[in-house]
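1. Have a look at this fold, sequence not included:
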């Protein structure tokens, strides 16, 4: 690691949203707690952060999100009954959801003012340190976690890093994509950035590299967010603050290895459940057989 690159110890997970795209399921269950096989989607995201060396996770919550805090806490009655009944394998799985004391913080976003505002709500816990952001709507299935891959790149170049993946040209108008620096040479999975473009017309996109919900940012972005005016949708947008920071600090896009799933949409959630079921160590074989049968593949 280069000496002047500060270590990333904290991650912010904005979990205050209503999950309107998957209603009515999220009427009583936080969208982040919808199960993907045998654990909530949020479990995979937290595991990804811990794998990457994150020591402190900051959840930005809202009303009716108490289930998230409870999930990562001890459940004495359940654990006691499992132990008494000799259900050691199940108990081990349940205990794996408990984190180190003091390794999680929960701050409240009282009003839905956008992703940028949600990140700004974590400012006092983040402090003057670089930090990661993981959008819990997005699961990234990879042999090595997406954030861990990004950390390796960050430890080489520092600055700010945004996870991206290549998509077909005909789909660029459905996503935010990055604009590479003119004439910049690609360095492995790293691409120097000059900007971001939201849903560009086909044929006019500066790249086919879609922005995924993983970021490593310098703390200076918090000062920008403090004064950031409302942008698209009348909300304080993180992308607007990053665009301002890009004028004075280097940004790299990092093309990670893996497959992302948008669990905030019905179809993306279904895809995630299917992918994780097919790869599950206990039910993977039967799950794949069921999917082949349903698809008529025999």
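-> Received, thanks. All values derive from a computational prediction rather than experimental measurement. Numbers count the residues shown, from 1 in each chain.

2. And the pLDDT at residue 114?
-> Residue 114 carries a pLDDT value of 87.

3. Now it. Its backbone dihedrals?
-> Main-chain torsions, residue 114, degrees, to the nearest 10: phi 110, psi 170.

4. Wait, it touches residue 237, no?
-> Yes: the criterion here is CB atoms under 8 Å, and residue 114 meets it with residue 237 at 5.7 Å. Placement of C-beta: from N, CA and C, glycine included.

5. residues shared between the contacts of these two?
-> Common neighbours of residue 114 and residue 237 (criterion: CB atoms under 8 Å, 6 or more residues apart in numbering): residue 231.

6. Looks like residue 287 contacts residue 280 (just checking).
-> Yes: using CB under 8 Å, residue 287 is in contact with residue 280, at 6.5 Å.

7. and these two? which has more neighbours close in?
-> residue 287 (19 against 16; other CB atoms under 10 Å).

8. helix/strand/coil for residue 244?
-> In three-state terms, and counting by DSSP: H, G, I helix; E, B strand; the rest coil, residue 244 is helix.

9. measure it to residue 231 for me?
-> Separation of residue 244 from residue 231 (CB to CB, to the nearest Å): 11 Å.

10. now residue 12
-> 19 Å.

11. which one of those two has more residues nearby?
-> residue 12 (28 against 17).

12. Now do the buried residues in stretch 230-248.
-> Residues of stretch 230-248 classed as buried by neighbour count (16 or more other CB atoms under 10 Å): 231, 235-242, 244-246.

13. For residue 169, state which of those is nearest.
-> Of all these, residue 169 sits closest to residue 239, with 21.6 Å by CB to CB.

14. Now do the same contact list for the closest one.
-> Applying CB under 8 Å, 6+ apart, the residues near residue 239 are 116, 176, 196, 198, 231.

15. That one falls within a helix, correct?
-> Yes: membership of residue 239 in a helix is supported by three-state DSSP.

16. Next one: it, what pLDDT does it get?
-> For residue 239, the pLDDT comes out at 88.

17. Also residue 229?
-> The predicted local confidence for residue 229 is 79.
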